[in-house]
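Enquirer: Below are the sequence and a predicted model; questions follow.
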Amino acid sequence: LAKTTQPISMDSYEGQEVNITCSHNNIATNDYITWYQQFPSQGPRFIIQGYKTKVTNEVASLFIPADRKSSTLSLPRVSLSDTAVYYCLVGDGSASKIIFGSGTRLSIRP
Amino acid sequence: SAVISQKPSRDICQRGTSLTIQCQVDSQVTMMFWYRQQPGQSLTLIATANQGSEATYESGFVIDKFPISRPNLTFSTLTVSNMSPEDSSIYLCSVSYGRYNEQFFGPGTRLTVL
C-alpha cells in the first residue's frame, strides 16, 4: 500500500474554496486515490475516488496530474460544517483493507 | 450504501475484564474490518474478518487480545480481552461496499478502561 503525505492542518473561512493536496510518490499502476471525511465522534465517510485527471461529484472535486504522484481535493465554498479531518488513501480499489494516514485537520472559521 | 450499527455505543470497564463489541450490517458483505482510534489520532487497522475463515491481524495485534468472530455475512464481534487503561479508545467496524468498494463505518464504540 502506497504511503501518503498530507498537511497536518489547514484553516480557511466560510465561502472560500479549499484545496488539500496529498503526495503519493509510490502509487502503483492499478491504484486509485480515495478521500474520506471524518467529523468528531463519527466514523469516516467516503467523499470521492479517482484514477486520473479530474473527478467531480456533488461534494468535491479531485484533481490528479498525469504522473499521479499527488492529488488535490477541492472543496468549493466551504461552510462551518466542513470542519473535519480529511484522509487521502491510495489502494487498488478492491474490497481489501485500507490503511489510514494521519489526515488533514481542516478548520473553517466564520 | 451500507448501514452499520454497533453495540454498545460506549462502556466503562474495569481493568482485567473483557468487552465484546458487536457490529451488524444491513447487507451481506464479504469483508469486515475492525479499527481502533485513540483521541486525536488517525485510525489503526486491527484486523480483517472474512466469513468462514480466521481473521487476519495487523502487526501489533494478536488474536488472544482481540478475538474476532464472523459467524455470517452481516455480523461480526470484536472482543477486547484482559483490558488495561491503554485499551481506552474508540473501536470502529467497517465494510467494503458499493461501486467504488468504499468503506462504510459504524458509529464506533467508545471504551474507557479504569
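Expert: Sure, I can see it.
Enquirer: Would you mind listing what in chain B touches chain A?
Expert: Within chain B, the positions adjacent to chain A are B:30-31, B:33, B:35, B:42-45, B:48, B:92, B:94, B:96-98, B:100-108 by CB under 8 Å from any CB of the partner chain. For every residue, glycine as well, the C-beta is placed using N, CA and C.
Enquirer: Those residues, buried ones only, as a ChimeraX selection?
Expert: Here is the ChimeraX command that picks out the buried ones among these, judged by 16 or more other CB atoms under 10 Å in any protein chain shown:
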select /B:31,33,35,42,43,44,45,48,92,94,96,97,101,102,103,104,105,106,108
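Enquirer: Sort out for me which of the residues of chain B next to chain A are in helices.
Expert: Nothing among those maps onto helices, per DSSP state H.
Enquirer: Low-confidence bits of the chain, can you list those?
Expert: All of this is about chain A. A:1-2, A:93-95 (pLDDT under 70).
Enquirer: could you pull out the helices for it?
Expert: Going by DSSP H, chain A shows no helices.
Enquirer: In it, which residue sits closest to chain B?
Expert: A:Gly43 (2.6 Å; CB to the nearest CB).
Enquirer: Who's the closest spatial neighbour of that residue, skipping the chain neighbours?
Expert: Distances taken as CB to CB, 6 or more residues apart in numbering or on different chains put B:Phe105 closest to A:Gly43, at 2.6 Å, once the chain neighbours are dropped.
Enquirer: Mind listing the residues bridging to the one residue sitting closest to the centre of chain A?
Expert: Residue closest to the average C-alpha location in chain A (CA atoms, centre = their mean): A:Trp35, at 3.7 Å. Using DSSP bridges, the bridge partners assigned to A:Trp35 are A:Ile48, A:Cys88.
Enquirer: from the residues of chain B next to chain A, which ones fall inside strands?
Expert: B:31, B:33, B:35, B:43-45, B:48, B:92, B:94, B:96-97, B:102-105 (DSSP state E).
Enquirer: I'd like to know which of these is nearest to chain A.
Expert: For those, the nearest to chain A is B:Phe105 (2.6 Å; CB to the nearest CB).
Enquirer: Now do the same contact list for the residue nearest to A:Gly43.
Expert: A:Gln42, A:Gly43, A:Pro44, A:Arg45, B:Ile4, B:Tyr35, B:Leu92, B:Cys93, B:Ser94 (CB atoms under 8 Å, 6 or more residues apart in numbering or on different chains).
Enquirer: Swap in 6 Å and give it another go.
Expert: A:Gly43, A:Pro44, B:Leu92, B:Ser94 (CB atoms under 6 Å, 6 or more residues apart in numbering or on different chains).
Enquirer: Could you measure from it over to B:Thr79?
Expert: Using CB to CB, to the nearest Å, B:Phe105 is found at 20 Å from B:Thr79.
Enquirer: Any idea how many residues pack against A:Ser41?
Expert: By the criterion of other CB atoms under 10 Å in any protein chain shown, A:Ser41 has 9 neighbours.
Enquirer: Likewise for A:Ile47?
Expert: There are 19 residues near A:Ile47, going by other CB under 10 Å.
Enquirer: Not including adjacent chain positions, what is the nearest residue to it?
Expert: A:Trp35 is the one closest to A:Ile47 (CB to CB, 6+ apart), at 4.6 Å.
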